[in-house]
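got a sequence here, can you build the structure:
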Amino acid sequence: MQTGKPSRTAWAVAAHRAAHQVLEQGRIIHEERAKLVARLGEDWLSHFETDSLRAKLLALGFSEIEDLGPSQIAARYFPHSESKLSDKGGHILRATTVSGAHHRAAIASEPSPQSNSRNGERP
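Here you go, the predicted model:
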């Protein structure tokens, strides 16, 4: 071992401590966010990994999945906002077993409730 330089063990211990501090800070931030959301009247149920959630939804038969992260949410709902958002944070997820195109086509082919059921004409 050279004098004046940390050993590999010392580096490993320092890296482990740093990683633990980052994880602990993440846990604290997560708990604070959960408390804030609870004060707003919503439960913070859990958090998910996007890729594994998508795989589970596909396995359950969902065919159309839209997953908006913070930057996509901002772009859609606050298009004039100048703030730059991280890709980490809450998501809005929409999943359906019927694609949007098939759903719209099915609705368009249904007779109107106001139409005459015998000849399809409106009264």
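
any idea which helix is longest in the protein?
helix 8-39 (DSSP state H).

ok, and for the helix or strand that comes right after that one, which residues are buried?
Following helix 8-39 in sequence order, the next helix or strand is helix 50-59 (DSSP states H and E). By neighbour count on 16 or more other CB atoms under 10 Å, the buried set for helix 50-59 is 53-54, 57. C-beta here means a position set from N, CA and C on the backbone, and glycine is covered the same way.

any idea which of the residues you listed is closest to I92?
I92 lies nearest to L53 out of the buried residues of helix 50-59, by CB to CB, at 12.6 Å.

how near is the closest one to K88?
Distance from L53 to K88, counting by CB to CB, to the nearest Å: 15 Å.

okay, now E66: neighbour count?
12 (other CB atoms under 10 Å).

please apply the same query to the one 5 residues further on.
The number of residues packed around S71, counting by other CB under 10 Å, is 14.

show me the contacts for it.
84-87 (CB atoms under 8 Å, 6 or more residues apart in numbering).

domain parsing for the chain?
Per automatic domain parsing, the structural domains of the chain span 8-44, 47-110.

who's in contact with the most centrally placed residue in the chain?
When the chain is reduced to its mean C-alpha position, the nearest residue by CA atoms, centre = their mean turns out to be H91, at 2.8 Å. With contact set as CB under 8 Å, 6+ apart, H91 has these partners: 50, 67-70, 73.
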